[in-house]
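1. next one to model:
(chains A and B, ligands or ions: 2)
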Amino acid sequence: MAPTLAVFKLASCDGCQLTLLDCEDELLALAGEVEIAHFLEASSAVEPGPYDLSLVEGSVTTAEDAERVRAIRAASRHLVTIGACATAGGIQALRNFADVDEYRRVVYAHPEYVETLATSTPVSAHVDVDFELRGCPIDRRQLIEVITAFLSGRKPDIPDHSVCFECKRRGTVCVTVAHGTPCLGPVTHAGCGALCPAYHRGCFGCFGPSGSVNLPALIPLLRRDGLDDAAVERFLHTFNAAAFEKFEKESAK
Amino acid sequence: MTHRGSRLLHVGSLSRVEGEGALRLHVHDGTVTDAQLNIYEPPRFFEAFLRGRSYTEPPDITARVCGICPVAYQMSACAAIEDACAVSVDPAIRALRRLLYCGEWIESQALHIYLLHAPDFLGRASAIELARTHRAEVERGLRLKKAGNSLMELLGGRAVHPVNVRLGGFHRVPTRDELRPVTEELRQALDDAWNTVRWVAGFEFPDARVEADLLALAEPDTYAIESGTPTVLRADGTTGSFPVRDFTEHVAETHMPHSTALHSRLDGRLHLTGSLARFAISGARLSPVALQAAVEAGLGDPREGSVCRNPFRSILVRAVETVYAVGEALRIIEAYEPPARPYTEVPPVAGVGHGATEAPRGVLYHRYEIDADGIVTSAVLVPPTAQNQGAIEDDLRRLAQRAIGEGDPDDGELTALCERAIRNHDPCISCSTHFLDLTVVRTSGDASRDTSGDTPGDCHA
Ligand code: SF4
Ligand code: SF4
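-> Ligands and ions are numbered 1, 2, ... in the order given. The predicted model follows:
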């Protein structure tokens, strides 16, 4: 029997699971190799677990989702989290640094109708995860690599180095060196193929921190390139705020 | 009363919509007394955390509200902030924005037509299942979708959350040569879009009619996409319009206990935005090729006043809009001369700005207040699905009532009908926040009885 694939969603924008449907050239071939057993965005046929591979998008922001993610784990042989939301809490983790009750009052006329936790946390804060695929959104080629690796029982070949390596490989001129553009490339996980510098903009860290992060060396460069303290903080506090926060604390020591 | 006079039907999650939601239907003595579309995606609080961010950030940040229409968020955010700063961009930049937006329209409409909606007409659970019997058609849909994505990748860097958009324009604009390869793909896409029109025109469409007012942006001489004036075609046939800056005076949001999405009313009445509304309001301004497609699709000629109010036939309008978007993309590329600079400077000015654009799913309005240092002090986002929620509920109530009146559908049949009815409207629940459960409560007299079982749940652990 073909291995079963399931896709689940927590708090997110749907962009990472959409990336699977955006694999137009591979989708039908993939559907021939696996049985898509649970993928609400794509199919109304839903089969019960256990699933061989579950992809989870989104972060945990409600008590109910914390419960759900445990059920998903229990029903999955392999659990892979996809995207910045699922691996780092996503943009919605900005509440972790704020007063969530105040947020609720700003957005809703009846805050009492809205249930939410004070934090947005990655799936790995709740259950064991077999692999975390980064990005906001994830990269299509990396997703195919992860799925095929799990199907064939090997480790996914996803490098842990920084965006800088990808710029060099792509032959892109360094935007910081050449134009003084603030760039998080030196501390950001590879995966996008160094997209932003190729479009003449600095990396804003959508893939989260890379394997080795040296903020004490980077921050003076960001200041030199025109960012004040508040701007540096905003730069690090966006799609992977909760993941970069850890390194900010360390470098403040 | 029938043996089903009173019961509760519960469906775990609605599938083939973007995001997740729930529906509760109350049937009392054979009368549908209430239909509630519950959108209870955990709130993500964009409007709250945008405060304190730099005015340059909302285009990238709000893209993350919805992975299916990120360009719509980027474009409405740019429009609103440029409005606050009293900057208008170069016509060449406007054309490139429209081109990027065409990419999103093509991608998103093809996704909806082939992957979410067509399986309903052919009795399949998914496009993947559909491919077993209609391989060539599904391949055509994927090819069409890919052409939209290619355009977004070329102009935006990637299809989900493009990186190349900034206030005033783009970080980098393409050369004429760089646009050439995508032209080939778009030529094929034009054929594919036409064949899509012909294909969906052969589907069977149940009778139905949305009664809500229709709201879309309108431009004097083009089909509105990246700008326009909010225009209403009321159920009684009268029309009206108002400036974008008055949007929230007309479209008022209220918060209902059953949903984390806000409900809105247009001047106190239900309204629908999206393909049906655009076609009704701007249809006469479609290109000749798209008008021809409309006629061929059986929608009639909008120049002669044809309007489509049957939500099942929205798939036809989407197909026609796809023909339009592909043609429009080819036209823009053909006329393209790279602008002298990729963007216009947008220095911050303290004030309030408003912006609205036509997301594939309908009007998306943004409002920002910024201070003299360019820090956002307040933000309001009104997405299309939140606006449509009331009209969708009304439509569901009517369809369910008719089905109950015409026969005695069992829970499964009623569920299937409701799910189809919701997919007709292409709701993007991610953007209005998410989660679909169907609950039918049927009561008779004072008695209330639960006859439901859990059907497709979220996780069968
Ligand atoms: S990581 Fe980004 S793209 Fe993926 S679901 Fe979250 S917000 Fe969307
Ligand atoms: S360069 Fe950085 S911000 Fe840009 S796509 Fe890559 S990881 Fe994301």
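2. when you work out contacts or count neighbours from here on, use the C-alpha atoms and nothing else.
-> Noted.
3. now do the helix or strand hosting B:A77: distance to the chain's middle.
-> Using DSSP states H and E, B:A77 sits within helix B:70-84. Distance, stretch centre to chain centre, for helix B:70-84: 17 Å (Cα atoms, centre = their mean, to the nearest Å).
4. can you count the residues close to the residue in the stretch 51-200 of chain A that ligand 2 sits nearest to?
-> Closest approach between the stretch 51-200 of chain A and ligand 2, counting by Cα to the nearest ligand atom: A:C196, at 4.1 Å. Using other Cα atoms under 10 Å in any protein chain shown, A:C196 has 24 neighbouring residues.
5. now do the SS call for it.
-> Three-state assignment for A:C196 (DSSP: H, G, I helix; E, B strand; the rest coil): helix.
6. where does chain B have low pLDDT?
-> Along chain B, the parts satisfying pLDDT under 70 run over B:1-21, B:39-40, B:255-263, B:426-461.
7. how near is the spatially most central residue of it to B:N424?
-> Compute the mean C-alpha point of chain B, and by Cα atoms, centre = their mean the closest residue is B:R361, 1.0 Å away. Taking Cα to Cα, to the nearest Å as the measure, B:R361 falls 11 Å from B:N424.
8. would you mind measuring the gap between the ends of stretch B:283-297?
-> Start-to-end span of stretch B:283-297 (Cα to Cα) is 14 Å.
9. then stretch A:199-215?
-> 24 Å.
10. averaged pLDDT, that stretch. What do you get?
-> Average pLDDT, stretch A:199-215: 95.
11. show me where the stretch 201-350 of chain B has strands.
-> B:213-218, B:229-233, B:239-241, B:251-255, B:262-266, B:271-273 (DSSP state E, counting those that start in this stretch).
12. make a markdown table from the ones you listed and add mean neighbour count and distance to A:S43 to it.
-> As requested, those are arranged in a markdown table below (neighbours: other Cα atoms under 10 Å in any protein chain shown; distance: least, Cα to Cα, whole Å):
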| stretch | mean neighbour count | distance to A:S43 |
| --- | --- | --- |
| strand B:213-218 | 27 | 30 |
| strand B:229-233 | 22 | 35 |
| strand B:239-241 | 13 | 39 |
| strand B:251-255 | 17 | 31 |
| strand B:262-266 | 23 | 27 |
| strand B:271-273 | 28 | 25 |
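13. a markdown table for the ones you listed, including distance to chain A?
-> Converted to a markdown table, the strands of the stretch 201-350 of chain B look like this (distance: least, Cα to the nearest Cα, whole Å):
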| stretch | distance to chain A |
| --- | --- |
| strand B:213-218 | 24 |
| strand B:229-233 | 24 |
| strand B:239-241 | 27 |
| strand B:251-255 | 6 |
| strand B:262-266 | 8 |
| strand B:271-273 | 21 |
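14. who touches stretch B:110-124?
-> A:41-43, B:16-17, B:125-127, B:130, B:138, B:141-142, B:144-145, B:200, B:203-204, B:315, B:318-319, B:322, B:420, B:423-424, B:426 (Cα atoms under 8 Å, 6 or more residues apart in numbering or on different chains).
15. an error on my part: the question was meant for stretch A:123-132.
-> Here stretch A:123-132 has contacts from A:59-60, A:66, A:69-70, A:73, A:78-83, A:86-87, using Cα under 8 Å, 6+ apart.
16. just stretch B:134-153 next, same as before
-> Stretch B:134-153 has contacts (Cα under 8 Å, 6+ apart) with A:22, A:24-25, B:99-100, B:102-111, B:114, B:127, B:130-131, B:158-159, B:162, B:182, B:185-186, B:189, B:192-193, B:196.
17. now do stretch B:299-314
-> Everything outside stretch B:299-314 that qualifies as a contact, by Cα under 8 Å, 6+ apart, is B:205-211, B:275-276, B:279-280, B:283-285, B:291, B:294-295, B:316-317, B:421, B:424-425.
18. which bits of chain A sit near ligand 2?
-> Counting by Cα under 6 Å from any ligand atom, chain A comes close to ligand 2 at A:G185, A:C192, A:A194, A:L195, A:C196, A:C203, A:F204, A:G205, A:C206, A:F207.
19. what about the residue in the stretch 151-253 of chain A positioned nearest to ligand 1, helix or strand, and which?
-> Using Cα to the nearest ligand atom, A:F239 is the residue of the stretch 151-253 of chain A that sits closest to ligand 1, at 7.1 Å. According to DSSP H and E, A:F239 maps onto no helix or strand at all.
20. quick revisit: angles on the backbone of the residue nearest to the centre of chain B, please.
-> phi -90, psi 0 (degrees, to the nearest 10).
21. spatially, what comes nearest to it if we skip its sequence neighbours?
-> B:G274 (4.6 Å; Cα to Cα, 6 or more residues apart in numbering or on different chains).
22. hmm, the one you found is touching B:T357, no?
-> No. Assessed by Cα atoms under 8 Å, B:G274 is found out of contact with B:T357, at 11.1 Å.
23. what is in contact with the two at once?
-> Shared contacts of B:G274 and B:T357, defined by Cα under 8 Å, 6+ apart, comprise B:V363.
24. of the two, who's got more company?
-> Neighbour count, other Cα under 10 Å: between B:G274 and B:T357, B:T357 has more, with 30 against 27.
25. how about the contacts made by that one?
-> For B:T357, the contact set (Cα under 8 Å, 6+ apart) comprises B:A72, B:M75, B:S76, B:L217, B:I225, B:E226, B:S227, B:G228, B:V363, B:L364, B:Y365.
26. and the closest residue to the residue of the stretch 51-200 of chain A closest to ligand 2 other than its chain neighbours, what does it touch?
-> Excluding the flanking residues, the one nearest A:C196 by Cα to Cα, 6+ apart is A:C203, at 5.5 Å. Listed by Cα under 8 Å, 6+ apart, the contact set of A:C203 reads A:P182, A:C183, A:L184, A:G185, A:T188, A:A194, A:C196, A:P197.
27. now, the most widely separated pair of those?
-> Within those, A:P182 and A:A194 form the most distant pair, 14.5 Å apart (Cα to Cα).
28. which element, helix or strand, includes residue 103?
-> Picking chain A for this. helix A:100-107.
29. my question was about chain B, not that one.
-> Per DSSP H and E: helix B:91-110 holds B:G103.
30. got the CA positions of the following helix or strand past that helix in CSV?
-> Sequence order places helix B:118-121 as the next helix or strand after helix B:91-110, per DSSP H and E. The C-alpha coordinates for helix B:118-121 follow below in CSV (Å, rounded to 0.1, in the frame of the first residue of the first chain):
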residue,chain,number,x,y,z
ALA,B,118,-14.8,21.7,-10.4
PRO,B,119,-14.7,18.4,-8.3
ASP,B,120,-18.1,19.4,-6.9
PHE,B,121,-19.7,19.5,-10.4
